[in-house]
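Trainee: Fold the stuff below for me.
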Amino acid sequence: MISQGRQRNIGGYPQGQRGGWLSCHRLVMSRSPRRSPQLRGRVFRGSHAISRGLLTRNDLRSAAWRPLFRDVYADAQLPVTHRTRCTAAGRWLIPTGAAIAGRSAAVLHGCAHTTFDDTVEVLVPRGRSAGPAAGLRVHRGPVDDGDIVDRAGTPVTSPERTCWDVASWLDLVEAVVVIDALLASGLTEVSTLRGYALARVGRRGWRAMLRAVDLADAGAESPQESRTRVRLVLVGLPRPRTQWGGVGPRAVPRPSRSCLAGVSGGGRVRRPLA
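Mentor: Below is the predicted model of the structure:
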């Protein structure tokens, strides 16, 4: 007979104690997540993997696979970035004629920084059906010839169309950040962007693009530098030069009298110099 207030030990653990013999038994008997060799290191459609007998629905719920979108999964050991999600959306989710757009397009062009959780932006031509999907932001609008290019098999808006879209979808400062990066990469030029906007006079967005392009500068070396420069101009200060000093044919002489501001690596604006 067991005296009151004492617990019976089974297998070295008090009966009912959390983490006791029953939990250990379940841990030992639990099966490791199934990882199909054909899917290791890959992004795939869950329904396709099930139809081919590679996985079951329960397998997809395990820690071995990471959901990216509805019915789109990645090997959990695969480093997943916003670029990965853009590529997956471009391959599996968007309709024919649509493209990865906006800031997401700038990522695929190698000219923007985002986090994994940032929404993937998509441009869908008017008249094409594209239902809402978690993780996607769908924009609709006219798409002209040349507005969509191929980047490693993924349809992406061209640098010029990307600048048009960010000027329409983002606030002015953040739009210039993206346009600066595209200019600095050499993928487009200010004259080309102005020509793109002027060729679409009367269409919604052409004025916004011209304003953003007029504030853009290919010499910006960081997003924070772009933000600082644009904010200084918007409060009425003279437009700063992005770079001064240096040697050689591209050297920019330091102005004799000017208001200079620098941006540190941490994004802080250093004290202006007279």
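
Trainee: any idea of the pLDDT on the closest residue to P67 other than its chain neighbours?
Mentor: Leaving aside its sequence neighbours, P67 sits nearest to Y73 (C-beta to C-beta, 6 or more residues apart in numbering; 5.6 Å). Using the backbone N, CA and C atoms, a C-beta is placed for each residue, glycine as well. Listed pLDDT for Y73 reads 97.

Trainee: list the helices and strands the one helix or strand Y73 maps to packs on?
Mentor: Per DSSP states H and E, Y73 falls inside strand 72-75. With contacts taken as 3 or more C-beta pairs under 8 Å, 6 or more residues apart in numbering; DSSP states H and E, strand 72-75 sits against strand 43-45, helix 46-51, strand 65-69, helix 82-92.

Trainee: and of those, who's closest to R239?
Mentor: helix 82-92 (31.7 Å; C-beta to C-beta).

Trainee: Contacts for the closest one, please.
Mentor: Residues outside helix 82-92 that contact it (C-beta atoms under 8 Å, 6 or more residues apart in numbering) are 43, 45, 68-69, 71-72, 74, 78, 99-100, 104, 107-108, 114-116, 118, 120, 122, 135-136, 152-156.

Trainee: Among these, which lie within strands?
Mentor: Residues from the contacts of helix 82-92 lying in strands, with DSSP state E as the criterion: 43, 45, 68-69, 72, 74, 99-100, 120, 122, 136, 154-156.

Trainee: sorry, back to before: give the bridge partners for the residue nearest to P67, please.
Mentor: For Y73, the beta-bridge partners are F44, P67 (DSSP bridges).

Trainee: what sits against it?
Mentor: Counted by C-beta under 8 Å, 6+ apart, Y73 has contacts 43-46, 49, 60, 65-67.

Trainee: Let's see that with 6 Å instead.
Mentor: 46, 65, 67 (C-beta atoms under 6 Å, 6 or more residues apart in numbering).
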